[in-house]
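Colleague: Here you go, sequence then predicted model.
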Amino acid sequence: MINLFLVEDHPLVTEGIKAIFEREKEINCTDYFDNGKDFLAKLNHIQPDVIVMDINLPDINGIELCKMVKEKFPTIHVIALSINNEKSIIKKMMDNGASGYILKDAAKYEIVDAIKAVVQRKTYFSISASQALKKQDKAPIPTLTRREKEILIKIADGLTNQQIADLIFVDVSTVSSHRKNMLAKYDVQNTAQLIKLAITERLI
């Protein structure tokens with residue numbers, strides 16, 4: 001029998017998971033908690049085999065809570081339960097000791113499979129969590145050189161190539177070349193898109 005705690009503050013989610021566990025003879029969910037404080041108080045007296053834990057609790061961040069649990073009770077297996085499919089969040093949860101990560105759109109069998117997997121010291125990700133992890137990290141935005149930044153700020157101010165050239169004492173062809181190079185560097189089609197990207201990414 002696998003003894004389990006559920007830490008989840010949304011009643012509808014809790015009721016849905018309760019219904020799943022009630023049909024599983026191998027899983028015994030002994031306690032339900034809707035906040036981290038009550039959960040930690042109980043954990044000091046009784047330790048389950050597995051904890052299924054929401055990472056967005058009203059009183060404590062689930063990532064920190066997972067770390068606290070694993071530092072004090074390293075043999076307990078923690079499974080994250082979340083709507084958050086950000087790759088960085090999944091990695092942080094796993095880095096803090098979680099054995100699994102399930103998104104709340106997971107099928108019923110995935111929750112059961114996750115519990116059975118982690119007690120066998122396996123790592124488990126729901127299908128959608130696995131897909132999120134496979135997404136390529138966003139490529140870093142190239143930085144502007146000092147001269148590019150100087151020219152782009154003046155372009156954003158509405159100055160023409162000739163006006164910019166006169167202000168910074170260079171040939172107009174040099175300004176035109178920098179403008180074209182920046183369009184290629186940031187893979188944008190025109191100056192308006194370049195300025196928008198620069199502002200959004202706080203390049204200027």
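Modeller: Everything's here; your move.

Colleague: make it CA atoms for all contacts and neighbour counts henceforth
Modeller: OK.

Colleague: Would you mind measuring from residue 179 to residue 168?
Modeller: Using C-alpha to C-alpha, to the nearest Å, residue 179 is found at 14 Å from residue 168.

Colleague: so where is the chain shaky, pLDDT-wise?
Modeller: Within the chain, the segments meeting pLDDT under 70 span 136-139.

Colleague: if I look at the closest residue to residue 82 other than its chain neighbours, how far off is residue 124?
Modeller: Distance criterion C-alpha to C-alpha, 6 or more residues apart in numbering; nearest residue to residue 82, sequence neighbours excluded, is residue 103 at 5.0 Å. Using C-alpha to C-alpha, residue 103 is found at 11 Å from residue 124.

Colleague: What are the buried residues along stretch 120-139?
Modeller: Going by neighbour count (16 or more other C-alpha atoms under 10 Å), the buried part of stretch 120-139 is 123-126, 128-130, 132-133.

Colleague: so how far is the helix or strand hosting residue 175 from its chain's centroid?
Modeller: Assessed by DSSP states H and E, residue 175 sits inside helix 172-185. Distance, stretch centre to chain centre, for helix 172-185: 37 Å (C-alpha atoms, centre = their mean, to the nearest Å).

Colleague: Which SSE is immediately downstream of it?
Modeller: Scanning forward in sequence from helix 172-185 by DSSP H and E, the next helix or strand is helix 191-200.

Colleague: Would you map out the domains in this structure?
Modeller: 2-134, 146-200 (automatic domain parsing).

Colleague: Please work out which of those domains is packed deepest.
Modeller: Mean neighbour count (mean count of other C-alpha atoms under 10 Å) peaks for domain 2-134 among these, with a mean of 17.

Colleague: re earlier: could you dump the buried residues of stretch 120-139 to TSV with secondary structure?
Modeller: Formatted as TSV, the buried residues of stretch 120-139 follow (DSSP: H, G, I helix; E, B strand; the rest coil):
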residue	secondary structure
123	coil
124	strand
125	strand
126	coil
128	helix
129	helix
130	helix
132	helix
133	helix
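
Colleague: would you turn those residues into CSV with distance to residue 143?
Modeller: Below are those laid out as CSV (distance: C-alpha to C-alpha, whole Å):
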residue, distance to residue 143
123, 38
124, 38
125, 36
126, 37
128, 33
129, 32
130, 32
132, 27
133, 27
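
Colleague: For those residues, name the two members farthest from one another.
Modeller: Farthest pair in the buried residues of stretch 120-139 (C-alpha to C-alpha) is 123 and 132. Separation: 15.6 Å.

Colleague: Skipping its backbone neighbours, what lies nearest residue 93 in space?
Modeller: residue 63 is the one closest to residue 93 (C-alpha to C-alpha, 6+ apart), at 5.3 Å.

Colleague: In a helix, that neighbour, correct?
Modeller: Yes - counting by three-state DSSP, residue 63 falls inside a helix.
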